[in-house]
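K.L.:
here is my input, please return the structure:
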Amino acid sequence: LDATNNLIVALPPALGGFTQITRLVLASNKLTSLPSEIGQLWALKVLVLDGNSLGSLPEELAQLLKLEKLTLARNQLRSLPTSIGELVKLNWLDVSHNTVSSLPPSLGRCTALETVLAQSNGLMDLPAELGSLTRLKEMKLDDNNIATVPSEIFTQCSSLQTLSLHGNPVNEDILSQVNGFTSFQQR
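P.N.:
Have a look, this model is predicted:
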């Protein structure tokens, strides 16, 4: 179901009745919240909510155990729910252009993640638990306030090929002192 650019301001609780839907695209609308019934969309694999005005996400999002792609770019999110760690099939997460100040440590339980896009937020640091993301290939963190990167990301994220940190206080001199950075550069 694609309802992009329709000036939708709210989703009805009846949305929970669409239990067989696998793709829900609600980009460029006027949503400020999601109903808890979103957790009843058990078959959902793709959820696109870019370009809305979402300030938070319901904990029920964690019930979407088949979810593989979650895009939330250009909203007003200040944080991600801890329960996001329950999304074990999630392989793509885009939270770019929000005001997220930290990624929850529970994100490290999303072991299928291959891509994390979190550019242009207010990220100050990264949880060491992200080192558990052994399938992670790409992490774009440009234009945040990140001053260092945990060594676990370099030493344990063995598939990581792209780590983009442009526009952050961290620089190559700082990173060169972090355990594992040199071997990451040689991949």
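K.L.:
ok, now which ones touch the residue lying closest to E129 once chain neighbours are set aside?
P.N.:
Excluding the flanking residues, the one nearest E129 by C-beta to C-beta, 6 or more residues apart in numbering is G108, at 3.1 Å. To be clear about C-beta, it is placed using only N, CA and C from the backbone, and glycine gets the same treatment. Contacts for G108 (C-beta atoms under 8 Å, 6 or more residues apart in numbering) come out as G85, P127, E129, L130, G131, S132, L133.
K.L.:
mind doing that once more with 7 Å?
P.N.:
P127, E129, L130, G131, S132, L133 (C-beta atoms under 7 Å, 6 or more residues apart in numbering).
K.L.:
let's have these in TSV, adding neighbour count, distance to V95 and secondary structure.
P.N.:
Rendered in TSV, the data for those read as follows (neighbours: other C-beta atoms under 10 Å; distance: C-beta to C-beta, whole Å; DSSP: H, G, I helix; E, B strand; the rest coil):
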residue	neighbour count	distance to V95	secondary structure
P127	17	14	coil
E129	18	16	helix
L130	23	14	helix
G131	21	19	helix
S132	18	18	helix
L133	25	15	coil
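K.L.:
which pair in these spans the largest distance?
P.N.:
Farthest pair in the contacts of G108 (C-beta to C-beta) is P127 and L133. Separation: 10.7 Å.
K.L.:
got the contact list for the residue sitting nearest the centre point of the chain?
P.N.:
Residue closest to the mean C-alpha point of the chain, counted by C-alpha atoms, centre = their mean, is L93 at 3.5 Å. Taking C-beta under 7 Å, 6+ apart, we find L93 in contact with L70, L113, V116.
K.L.:
same thing but 8 Å
P.N.:
L70, T71, L107, C110, L113, T115, V116, L117, A118.
K.L.:
what of N52?
P.N.:
N52 neighbours (C-beta under 8 Å, 6+ apart): L26, A27, S28, N29, K30, L31, T32, R74, N75.
K.L.:
quick check, nearest of these to W42?
P.N.:
Among the contacts of N52, L26 lies closest to W42 (C-beta to C-beta), at 17.9 Å.
K.L.:
my read: the closest one touches V48, true?
P.N.:
Yes: at 6.7 Å, L26 counts as touching V48 under the criterion of C-beta atoms under 8 Å.
K.L.:
which residue of the two possesses the greater neighbour count?
P.N.:
L26 (22 against 19; other C-beta atoms under 10 Å).
K.L.:
contact partners for that one?
P.N.:
Applying C-beta under 8 Å, 6+ apart, we find L26 in contact with A3, T4, I8, L11, V48, L49, N52.
K.L.:
quick check: the residue nearest to E129 is in a helix.
P.N.:
Yes: under DSSP: H, G, I helix; E, B strand; the rest coil, G108 sits within a helix.
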